[in-house]
Each structure stands twice: as structure tokens, then as C-alpha cells.
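A.B. asks: fold the following and give me the result.
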Amino acid sequence: MAGHSKWAGIKHKKAIVDAQRGKAFSKVIREITAAARLGGGSPEANPRLRLAIAKAKEVNLPKDKLDTAIKRGTGDLPGQAFEEMVIEAYGPGGVAILIELLTDNKNRTSAEIRSVLTNHGGSSAGAGSVSWLFHKKGLITLDARLTGEERLMDVALEAGAEDLKVDGAQAVITTDPHAFEPVKQALGRATIRWESAELSLVPTTTVRVEDPVQAKALLGLLDALEDHDDTQHVYANFDIPDAILEAQAAG
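C.D. replies: Got it, this is the predicted structure:
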């Protein structure tokens with residue numbers, strides 16, 4: 001799982017870069033609007049909206065855009081209605097992929113995602129083919145150098161975290177979805193800062209991809225899926241050696 005966790009860290013850094021060119025703004029605005037439409041405009045009463053607002057702050061979404069997205073979701077302002085959809089697929093090496101999207105046209109989005117898969121060595125999978133391999137978890141990523149591992153473990157586990165993994169400079173705390181907010185609050189009280197915090201789908205089993213060519217093709221596919229305007233999240237059950245991941249990130 002180390003390779004998979006490291007990819008999560010690389011994706012977070014990429015999201016910050018994406019924010020500079022506006023790509024991340026459009027994705028987080030859609031999520032805020034959808035969350036407000038489904039659960040109301042109060043973040044205190046709407047955990048999904050609260051999480052979307054936290055993500056918006058990570059990418060420095062201006063407050064006026066955030067407020068407008070909420071009002072469009074609650075119907076106080078006119079705007080597009082986005083529907084949720086999930087597409088299941090396989091990538092190079094037989095890696096299972098789950099793609100969560102928000103779209104105003106499901107037929108168009110399905111066709112475009114199928115095209116991305118075909119062009120990058122992937123293939124569509126039937127509903128339920130790969131989703132059973134993933135379970136929802138809270139993932140909190142931190143810089144392990146800023147807090148001692150022992151203290152981090154004490155605070156996280158006492159607050160209800162399931163696991164803590166440290167890989168070099170990166171620490172990843174895993175929680176049950178219900179313990180996600182309590183663990184975040186405990187870290188905050190202990191003045192421990194995190195780099196990213198999100199509810200994610202974590203694979204129960206992984207597929208080892210050690211061939212550099214195959215790994216490059218897989219990561220190229222995942223990047224292409226991430227870059228699609230309608231994509232909100234991409235999950236995959238690969239385990240790629242750190243050296244290959246880092247070479248890809250550098251390249």
C-alpha cells in the first residue's frame with residue numbers, strides 16, 4: 001500500500017498546481033453545488049458540504065465563488081444541475097479503477113470516458129465489477145517530519161483512527177468514516193497540521209505493477225481520467241514501487 005499512499009500525496013501536490021490554472025476550481029465548485037443541493041447550504045448540518053468547503057480552502061477558492069456555488073446548489077441562484085455517476089473500469093495490468101463524476105449530460109460523459117479508457121489501454125467494466133474491491137475510509141495525509149510518530153500515533157489512535165503509516169516524510173492516517181471528523185478535531189486540538197484530509201475509497205486488495213512501461217501507461221490513464229472536466233475522484237487498486245512512482249512524478 002506504500003506506493004498507493006505515495007500516489008495520493010503526489011495527487012495532492014498536483015491539485016495545488018492545478019488550482020493555479022483553474023482546473024481544481026471547477027471541480028470543487030461542482031462538488032459544493034451538488035453537496036448543497038443534496039443536503040442544504042449549512043456546512044454544520046451537511047458533512048459533505050463541510051468537506052467540500054475544506055477542499056475549496058485547500059485550493060484557495062475565492063470566498064465569493066464558494067458562496068455562489070452554495071447558493072446555486074440551494075436554488076437561491078440559477079445554475080446547472082449536475083448528476084452523480086460512477087464508471088467502473090480496468091487499466092493496464094488488470095488494475096481496478098473506479099471513477100466518480102458530476103455531469104450535466106450522462107451520455108456525453110460516458111462516451112468521453114470510454115474514449116479516454118480506450119486511448120490509454122483501459123477498458124470499461126460492468127456495474128459492480130470492481131466497486132466491491134473498495135471501502136470508504138477517511139484519509140489524512142501529514143508531513144511526518146513536523147510531528148513525532150509516537151505523538152502522532154497517540155493522538156490519532158486515541159481519537160479513533162484505525163491505522164497510521166509512515167513512509168519517509170509522509171504519514172497517512174486511516175479512519176472509519178464516522179471517526180473522520182473526531183480524528184481531525186483531535187489533531188486540530190493538538191495543533192497538528194495536515195496536508196490533506198478526505199473521505200476516500202481504499203482498495204481491500206492491490207495489484208502489483210512492477211513493469212515500468214506498464215506502470216507509465218497506467219499512471220498516464222489515471223492522469224487523463226483525473227483531467228476530465230466531469231471527474232471528481234479516481235480510485236485504483238495498484239501498488240507501484242516507489243522508485244517508479246517518483247520517476248513518473250519527476251518526469
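A.B. asks: which stretches in the stretch 101-250 of the chain count as helices?
C.D. replies: In the stretch 101-250 of the chain, the helices defined using DSSP state H, counting those that start in this stretch lie at 106-119, 149-158, 180-189, 212-227, 242-250.
A.B. asks: out of these, which gets nearest to Lys23?
C.D. replies: Among the helices of the stretch 101-250 of the chain, helix 212-227 comes nearest to Lys23, with 7.4 Å by Cβ to Cβ. Any C-beta I mention is one placed from the backbone N, CA and C, and that applies to glycine too.
A.B. asks: can you list the neighbours in contact with the closest one?
C.D. replies: Contact with helix 212-227 is made by 7, 11, 14, 23, 91-93, 95, 97, 99, 113, 116-117, 119-122, 209, 231, 234, 236, 238, 240, 244-245, 247-248, as judged by Cβ atoms under 8 Å, 6 or more residues apart in numbering.
A.B. asks: just the buried ones out of these, please.
C.D. replies: In the contacts of helix 212-227, burial by neighbour count holds for 7, 11, 14, 23, 91-93, 95, 97, 99, 113, 116-117, 120, 122, 209, 231, 234, 236, 238, 240, 244-245, 248, counting by 16 or more other Cβ atoms under 10 Å.
A.B. asks: re the thing from before, right, and the helices of the stretch 101-250 of the chain - which one's nearest Ala52?
C.D. replies: It's helix 180-189; of these, that one is closest to Ala52 (Cβ to Cβ) at 13.9 Å.
A.B. asks: and that closest one, what's its mean pLDDT?
C.D. replies: Averaging pLDDT along helix 180-189 gives 94.
A.B. asks: for it, what is the distance to the chain centroid?
C.D. replies: Centre-to-centre, helix 180-189 and its host chain are 19 Å apart (Cα atoms, centre = their mean, to the nearest Å).
A.B. asks: and the contacts of it?
C.D. replies: 47, 138, 140, 155-156, 158-161, 173, 175, 193-194, 197, 199.
A.B. asks: among those, which one lies nearest to Gly128?
C.D. replies: Leu199 (20.9 Å).
A.B. asks: burial count for the closest one?
C.D. replies: Neighbour count for Leu199, taken as other Cβ atoms under 10 Å: 15.
A.B. asks: what are the bridge partners for it, then?
C.D. replies: Judged by DSSP bridges, the bridge partners of Leu199 are Gly138.
A.B. asks: so what's it up against?
C.D. replies: Neighbouring residues of Leu199 by Cβ under 8 Å, 6+ apart: Leu51, Lys136, Lys137, Gly138, Leu139, Pro177, Phe180.
A.B. asks: from Ala161, how far out is Met154?
C.D. replies: Not quite, residue 154 is Asp, not Met. Between Asp154 and Ala161 the computed distance is 10 Å (Cβ to Cβ, to the nearest Å).
A.B. asks: higher neighbour count, those two?
C.D. replies: Neighbours per residue (other Cβ under 10 Å) separate Asp154 from Ala161, with Ala161 holding more: 23 against 13.
A.B. asks: what subset of the contacts of helix 180-189 is buried?
C.D. replies: Of the members of these, the ones counted as buried by neighbours, 16+ other Cβ under 10 Å, are Gly138, Ile140, Val155, Ala156, Ala159, Gly160, Ala161, Ile173, Thr175, Trp194, Ala197.
A.B. asks: which residues of the stretch 1-150 of the chain score low on pLDDT?
C.D. replies: 1-22 (pLDDT under 70).
A.B. asks: strands of that one, start to end?
C.D. replies: Assigned by DSSP state E, counting those that start in this stretch, the stretch 1-150 of the chain shows strands spanning 83-91, 95-103, 123-125, 134-143.
A.B. asks: ok, which of those comes nearest Asp67?
C.D. replies: Asp67 sits nearest to strand 95-103 of all these, at 19.2 Å, using Cβ to Cβ.
A.B. asks: contacts for the closest one next, please.
C.D. replies: Residues from elsewhere that reach strand 95-103 (Cβ under 8 Å, 6+ apart): 30-31, 34, 82-91, 109, 113, 122, 125, 129-131, 133-134, 201, 203, 207, 209, 218, 221-222, 225, 228, 230-238.
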